[in-house]
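**Q** how would this look folded up:
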Amino acid sequence: MSKLIISAAVAACLFFTAGSAVAQTTETTAAPAVATSGIIAPAAFSSDSLQAVQKLFKSRRTGAVLLAVPGGYVFGAGLANVQEGGISSMLIGGVLAGVAINKEARFNKKKESEMLTAYQQGQPLPAYVRKRIKNKHMKGTKPVEATAQRP
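**A** Take a look at the predicted model:
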């Protein structure tokens, strides 16, 4: 019976994380927007920011998967051993899985594409994204063209 519960918990964890892993294989590339009136739109100055946001979202989704797998396993192991003190394992696994679900919800592909589209139209990045972009996300980004200068 306990092996069945563990197998079901692991299968459920893999089922919920499979969509995230598949979604990570595709990359979106966003070209900077340029206004037709000859004035360069703010997004044209920040193609490196667009790439950094893409890297941030991808790394957060990867982190969600890396937390969900052990979280589901620990939760399932605790569920199988409830009578032998597995409640603490269930709690730890539940917390890990909860953090993974929160990351997946905040940094999913749909929100990423909506945010990049809005940014290209001149809206600022949300605060929770701005404060999470670090130098490691900016490494390897292609710099903005030297001809694009702020007015």
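
**Q** in the chain, where's the longest helix?
**A** Counting by DSSP state H, the longest helix found in the chain is helix 47-80.

**Q** per-residue confidence averaged over that helix?
**A** On average, the pLDDT along helix 47-80 is 90.

**Q** report how many residues lie close to residue 102.
**A** 12 (other C-beta atoms under 10 Å). C-beta here means a position set from N, CA and C on the backbone, and glycine is covered the same way.

**Q** typo on my end, residue 110
**A** 8.

**Q** residue 139 too?
**A** When neighbours are counted by other C-beta under 10 Å, residue 139 registers 9.

**Q** for the protein, what spans make up the helices?
**A** 2-23, 47-80, 87-106, 109-120, 127-130, 135-138.

**Q** point out the most buried one among those helices.
**A** Counting by mean count of other C-beta atoms under 10 Å, helix 47-80 has the highest mean neighbour count of the helices of the chain, with a mean of 20.
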